[in-house]
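A.B. asks: no FASTA, just this:
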């Protein structure tokens, strides 16, 4: 490492970069870890960037991946800056000591956004607090939407996940020059970022690159290939082109984004619908990541910190007034959720018994959250006792009706609750003590593998982060999760003939709800 009087300079595998000192922290932004994924490289796996001569300026965030904007309903809660440019496969580094001998713990951050939105430039993800506390923090941009997760017959699947793997390999090769220890890397993500982290720790090609992983509100999972294909085919039909990478690569980028937004406007964890996701590809993802981890085939010795927010579903339903609509259309939405979760009548009946005062929206929301998130994380923790730690974020937002919703914990993890983009979701006056506690737990885990509470065992300890300060609860979700464990794992019998008319009526009502949601989002 060399430096002049004001700015730190570090040599990466592809050339030297000049960062900035900000409040005693060395910050490097927009460092390319792969070549721009456009032109002949569009929809293809990433390749290394061209080396450069001299010193490249790394004072500003690099371009963000192409993405449609959030709808007006969601934009009031979630920030998503857009930085134009083709060189979107870039990353940022915050380090307290840009010197090769420091050997500090490293935390690599994968942002969320349903694999269609988000970036490392979101102000909530500022890595200063981690660097302040002795962690080399790296945040990554990767391809999104159809560019990163479209499924085509003429190109390898999962290019966005391949981008993340390329970034991890860059970290392994380069982070020592920034003061990091390549043998002490924690991979951390939220929502789609957590799903990605789960897929990577299960991927044979990523073995040895990660020592620990943090999965925030996202389990290891793969998406059904037909679900992703339906999304691509919808787009192809609107564009009047073949559903191939070659045809999509010829489409104007802005038009492609508009078409993607239109084709996916009804997709959500509650309403379902076609969506982009990580698929089993026989290569980077040779089998379902959760099953690979449960079978012990992958990530041996990788320590896990995993959790959820108490009211994940409220971010999916509160914007645009969907919470009230779901309550009003109770039986219809409940039937749709049962079908989506492959649950018989005994599951919602059990939730009603356990929570008799809950409305339909809360019942459906918690059912879907448990099915998609809490059940698989419980299964994973049960398979890895002694090396897994679970948490629940339960502090409610000051914004009306959001509760402890999806993504609310981010400002606490990053100790960035005072930035305006955190206040958008949390409201004003978030408790500083809770920020300190949660952020410190993530720092401890990245440094030592122990966040500061009891590891998962037969008593099911869960750290609850709430208004009164952190506490341990044993098995706080066990009763609900037992409803899913009791389900028979055999195909459901065909419905009796006299139920077909009722099912058709419910399906029609669900379609009307989705059309109403789409009109409201537009």
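C.D. replies: Received, thanks. Here the structure is a predicted model, which means the values were calculated and not measured.

A.B. asks: Every contact and neighbour count from this point should use C-alpha atoms.
C.D. replies: Will do.

A.B. asks: Would you confirm that residue 394 contacts residue 402?
C.D. replies: No - using CA atoms under 8 Å, residue 394 is not in contact with residue 402; the gap is 11.5 Å.

A.B. asks: any shared contact partners between these two?
C.D. replies: Counting by CA atoms under 8 Å, 6 or more residues apart in numbering, the shared contacts of residue 394 and residue 402 are residue 311.

A.B. asks: Now do residue 154: how many residues are near it, please.
C.D. replies: For residue 154, the neighbour count with other CA atoms under 10 Å is 12.

A.B. asks: And it, how close does it get to residue 243?
C.D. replies: Distance, residue 154 to residue 243, using CA to CA, to the nearest Å: 10 Å.

A.B. asks: Now do the helices in the stretch 51-200 of the chain.
C.D. replies: Counting by DSSP state H, counting those that start in this stretch, the stretch 51-200 of the chain has helices at residues 72-75, 128-132, 145-149, 159-174, 192-202.

A.B. asks: how far does the longest one sit from the chain's center?
C.D. replies: A distance of 16 Å separates the C-alpha centroid of helix 159-174 from that of its chain, computed with CA atoms, centre = their mean, to the nearest Å.

A.B. asks: now the angle from that helix to helix 192-202?
C.D. replies: Interaxial angle, helix 159-174 versus helix 192-202 (axes from the mean of the first three to the mean of the last three CA atoms, to 10 degrees): 70 degrees.

A.B. asks: Residues in contact with helix 159-174: which ones?
C.D. replies: 12-13, 33-34, 43-46, 89, 91, 108, 140, 142-144, 147-149, 182-183, 196, 200, 206, 209, 278, 284.

A.B. asks: Report the buried residues of it.
C.D. replies: Under the neighbour-count criterion of 16 or more other CA atoms under 10 Å, helix 159-174 has 159-172, 174 buried.

A.B. asks: next one: stretch 16-34
C.D. replies: The neighbour-count check on stretch 16-34 (16+ other CA under 10 Å) flags 16-21, 25-34 as buried.

A.B. asks: ok, of these, which one's closest to residue 84?
C.D. replies: residue 30 (12.3 Å; CA to CA).

A.B. asks: Now do the helix or strand hosting that closest one against helix 159-174, angle only.
C.D. replies: Here residue 30 sits within strand 25-32, counting by DSSP states H and E. Going by the same axes, to 10 degrees, strand 25-32 is angled at 130 degrees with respect to helix 159-174.

A.B. asks: what is the mean pLDDT for strand 25-32?
C.D. replies: Taken as a whole, strand 25-32 has a mean pLDDT of 98.

A.B. asks: Give the partner strands of that strand in its sheet and their orientations.
C.D. replies: Within its sheet, and counting by DSSP bridges, strand 25-32 is paired with strand 20-22 (antiparallel), strand 90-95 (antiparallel).

A.B. asks: For the stretch 1-150 of the chain, which segments count as strands?
C.D. replies: For the stretch 1-150 of the chain, applying DSSP state E, counting those that start in this stretch gives strands covering 2-3, 8-12, 15-18, 20-22, 25-32, 55-57, 90-95, 104-110, 136-140.

A.B. asks: still on that earlier bit, between the helices of the stretch 51-200 of the chain, which gets the lowest average pLDDT?
C.D. replies: Per-stretch mean pLDDT for those is lowest at helix 72-75 (a mean of 93).

A.B. asks: Which residue, neighbours along the chain excluded, lies closest to residue 431?
C.D. replies: Excluding its sequence neighbours, the residue lying closest to residue 431 (CA to CA, 6 or more residues apart in numbering) is residue 467, at 7.5 Å.

A.B. asks: since we're on the one you found, how many residues are nearby?
C.D. replies: Other residues lying near residue 467 total 14 when counted by other CA under 10 Å.

A.B. asks: Kindly report the same for residue 194.
C.D. replies: For residue 194, the neighbour count with other CA under 10 Å is 27.

A.B. asks: got a list of what residue 372 touches?
C.D. replies: Per CA under 8 Å, 6+ apart, neighbours of residue 372: residue 219.

A.B. asks: any weak-confidence spans in the chain?
C.D. replies: By pLDDT under 70, the low-scoring segments of the chain are 1-5, 266-273, 331-340, 486-522.

A.B. asks: who does the host helix or strand of residue 382 touch, helix- and strand-wise?
C.D. replies: Using DSSP H and E, residue 382 sits within helix 375-383. Helix 375-383 sits against helix 289-294, strand 388-393, with contacts defined as 3 or more CA pairs under 8 Å, 6 or more residues apart in numbering; DSSP states H and E.

A.B. asks: Out of those, which is closest to residue 425?
C.D. replies: Closest approach to residue 425 among these (CA to CA): strand 388-393, 14.3 Å.

A.B. asks: Show me what counts as buried in the helix or strand following the closest one.
C.D. replies: Note on strand 388-393: by DSSP H and E, the next helix or strand toward the C-terminus is helix 410-413. Buried positions in helix 410-413, judged by neighbour count with 16+ other CA under 10 Å: 410, 411, 412, 413.

A.B. asks: what's the next helix or strand after helix 410-413 in contact with?
C.D. replies: Toward the C-terminal end, the helix or strand that comes next after helix 410-413 (DSSP H and E) is helix 420-426. For helix 420-426, contacts defined as CA under 8 Å, 6+ apart pick out 76-79, 123-124, 396-399, 408, 410-411, 416-417.

A.B. asks: Just the buried ones from those residues, in ChimeraX syntax?
C.D. replies: Of the contacts of helix 420-426, the buried ones go into a single ChimeraX selection, burial set by 16+ other CA under 10 Å:
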select :77,78,79,123,124,396,397,398,408,410,411,416,417
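
A.B. asks: nearest to residue 295, of the contacts of helix 420-426?
C.D. replies: Once CA to CA is applied, the member of the contacts of helix 420-426 that ends up nearest residue 295 is residue 410, at 30.8 Å.

A.B. asks: Could you tell me which residues make contact with that closest one?
C.D. replies: 124, 125, 422.

A.B. asks: and the residue lying closest to residue 354 once chain neighbours are set aside, what does it touch?
C.D. replies: Excluding its sequence neighbours, the residue lying closest to residue 354 (CA to CA, 6+ apart) is residue 480, at 8.0 Å. By CA under 8 Å, 6+ apart, the contact set of residue 480 is 350, 351, 354, 370.

A.B. asks: which among those gets closest to residue 258?
C.D. replies: Minimum distance to residue 258 across these is 32.4 Å, recorded for residue 370 (CA to CA).

A.B. asks: on that earlier part again, looking at the contacts of residue 480, which are in helices?
C.D. replies: Here DSSP state H is the test, and those give 350, 351, 354 as lying in helices.
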